[in-house]
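> just to be clear, the model below is a prediction. Sequence and coordinates:
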Amino acid sequence: MSSRERKLIIALGIMGICGLLFAAYQFVIAPLEENKAQLAKLSEEYSDKDEKLTNLRKDLRRLTTAKKRSLPSEPDVARREYEAMLTRLLRNAGIPPGYTIASKDNSDARSIPLLAPKRPAYSRIGYSIRLNKVDLTSLTKFLQEYYRLNLLHQIVWFEVKRSDEGSTVMSRRGIFTADRNDLTVIINTEAIILDGAENRRTLLPIPTSVAAVAGGAGYFAVSNSPEAGRVINPQQFVPLLATSERNYLVMAAKDPYHGPLPTEKIVKIPEPPPAPPAKPLEDISPYIKLNGIVRSSDGTPEAGIWDISSNKYYAIRLKRTGEKTEVDVRKYYFLNNQRKPLDSGNELVISEEFTSTNRTFKVNGFHEDGMFLTETIVPVKPAEVKPAIEASKVKWPPQKVAKSTVSPATLAIGSAIGGVGMIAPAPVDKFYFWRVGQTLQALKELPPAEAKVYMGLIGPKEAIKLEVAPTPTSVRSAN
């Protein structure tokens, strides 16, 4: 093969390859690119339409709520009920009589969008409100309730002027004050009736809770009674004021028309100093002594106790009546060196006013240089400590407590409960032997074994039979 033929074959091969590449681009690559561009365009259109559909669905829910907030579809009903609601808001805010509510023409419909030819999206009604001689507090209350009213309405003009009739004076702190009910207010308000709004007789939709309370017939009756619908609190579909609790009436304290409210300096009265602690009562037990024990000609023993601090004398005698021995305790005071009787009883009660000494003993018997005593102690709960201290300050003679009628079984059950406060604690007997020459302060409790020995020493003739301690009555807990 010659070189010429070889070159011709190479040229034909190159041309064939180029033809194949052109055909592949023309019939394969170019359609793929075109399809890819169309797919991207369709995806973008789908995203746009899907977003519009999502927004339409959101707007549809908002439209449902907006139709509830719209005025009734009938213009005459809407005007009548809207004017009645404005009158109610003014009256509840405390606006003084003399205000006017006048209808305002809103015939200009050029700015209203159209849903279809000659079909506006909504229609407007307007009122002009003029308030005379009002203060900022009442005006704030009205505006607060106006924006809590769930209606598609708004204030398009708001003007506040202060009249020149108020008298201005200078306060002590240099703040100008005056009669604050001298404001003249002009408010232009507009409300709209949406296309397709609810055809109802009331300004606001009646809550479904009325049907739950009054039933279907009651709900129907309220829905067709404008007077009943005017007193129903509106449902808050869309809050317009601050979501948090905010006191708008504080604005009156910073009145821009009359200056801040005058404030007076609050003087804090200092608390009085705490009362000094009460002086503790004196214990006179170191000055009360058993002087001695003597026997009369018939063998009757008598003990004498001398109270040096208050110049009192106690005489204790054991009287024999048949087989029974009785105790006779007499208390004396001295006047001009003469002994005068003060009190008597069958128990040894040592108690003086304005002292902390208050002891009550039962005399069981005498033995040579002393006498055997029993003192009944009732345990005091913590809540009863203070009343017990106050009770220890009673005048002579102390009142006697009636014996209990509660059985020992009841007392045992009350103790087993765990001291819940329904049953009083059981009393405890303490035994003492008071020797001649010993003071009351030095009197010490005898152990049970030693007390038994002393009981054996005094003998059955002169000993007084020990009685069982009285069972306490059940009491309710102070708590």
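Sure, I can see it.

> state the pLDDT value of residue 175.
With respect to pLDDT, residue 175 scores 47.

> got it, and the one 3 residues further on?
At residue 178 the predicted local confidence, pLDDT, stands at 54.

> how about residue 220, secondary structure?
Following DSSP: H, G, I helix; E, B strand; the rest coil, residue 220 is assigned to helix.

> contacts only, for it.
For residue 220, the contact set (CB atoms under 8 Å, 6 or more residues apart in numbering) is empty. Just so you know, the C-beta spots here come from the backbone N, C-alpha and C atoms, and that holds for glycine as well.

> now do it against residue 206, distance only.
9 Å (CB to CB, to the nearest Å).

> check residue 339 too.
Note on residue 339: its distance to residue 206, by CB to CB, is 97 Å.

> so between those two, which is more surrounded?
Just comparing residue 339 and residue 206: by other CB atoms under 10 Å the higher neighbour count belongs to residue 206, 20 against 12.

> may I have the secondary structure class of the more buried one?
coil.

> what's it sitting at in phi/psi?
Residue 206 adopts backbone torsions of phi -80, psi 130, taken as degrees, to the nearest 10.

> likewise residue 117?
Dihedral pair for residue 117: phi -60, psi 130, per degrees, to the nearest 10.

> kindly report the same for residue 205.
For residue 205, the backbone dihedrals (degrees, to the nearest 10) come out as phi -70, psi 140.

> can you check the pLDDT for the residue nearest to it when sequence neighbours are not counted?
Closest residue in space to residue 205, ignoring its immediate chain neighbours: residue 68 at 5.1 Å, by CB to CB, 6 or more residues apart in numbering. For residue 68, the pLDDT comes out at 82.

> next: residue 168.
Predicted confidence (pLDDT) for residue 168: 49.

> so the residue nearest to residue 205 sits against residue 198, correct?
Yes - with contacts counted by CB atoms under 8 Å, residue 68 reaches residue 198, the gap being 6.9 Å.

> of the two, who's got more company?
residue 68 (18 against 13).

> low-confidence stretches in the stretch 201-350 of the chain?
Applying pLDDT under 70 to the stretch 201-350 of the chain flags residues 210-211, 214, 228-229, 231-240, 242-244, 262-266, 322.

> residue 224: how many residues sit nearby?
By the other CB under 10 Å criterion, the neighbourhood of residue 224 contains 13 residues.

> that one contacts residue 201, correct?
Yes - using CB under 8 Å, residue 224 is in contact with residue 201, at 5.2 Å.

> what's the one helix or strand residue 79 maps to packed up against?
Secondary structure from DSSP states H and E places residue 79 in helix 75-92. If contacts are counted by 3 or more CB pairs under 8 Å, 6 or more residues apart in numbering; DSSP states H and E, helix 75-92 sits against strand 100-104, strand 122-134, helix 136-148, strand 183-194, helix 226-229.

> for residue 209, give me its contacts.
Contacts of residue 209 (CB under 8 Å, 6+ apart): none.

> sec struct for residue 245, please.
Three-state call for residue 245 (three-state DSSP): coil.

> from residue 150, how far off is it?
Distance from residue 245 to residue 150, counting by CB to CB: 19 Å.

> try residue 328
Taking CB to CB, one finds residue 328 at 94 Å from residue 150.

> these two - which one has more neighbours?
Remark: of residue 328 and residue 150, residue 150 carries more neighbours, 19 against 15, as counted by other CB under 10 Å.

> check the more buried one and give its pLDDT.
We note a pLDDT of 80 for residue 150 in this prediction.

> what's the helix or strand for it?
Counting by DSSP H and E, residue 150 is held by no secondary-structure element, helix or strand.

> I'd say it and residue 204 touch.
Yes - shown here, residue 150 and residue 204 form a contact pair, counting by CB under 8 Å, at 6.9 Å.

> so residue 66 touches residue 195, yeah?
No - with contact defined as CB under 8 Å, residue 66 does not reach residue 195; the gap is 10.7 Å.

> joint contacts of these two?
Common neighbours of residue 66 and residue 195 (criterion: CB under 8 Å, 6+ apart): none identified.

> and for residue 68 and residue 198, which residues touch both?
Residues touching both residue 68 and residue 198 (CB under 8 Å, 6+ apart): residue 205.

> thinking again about what came up before, would you turn the helices and strands packed on helix 75-92 into a markdown table with mean neighbour count and distance to residue 74?
Converted to a markdown table, those look like this (neighbours: other CB atoms under 10 Å; distance: least, CB to CB, whole Å):
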| stretch | mean neighbour count | distance to residue 74 |
| --- | --- | --- |
| strand 100-104 | 13 | 16 |
| strand 122-134 | 19 | 11 |
| helix 136-148 | 19 | 23 |
| strand 183-194 | 19 | 9 |
| helix 226-229 | 16 | 11 |
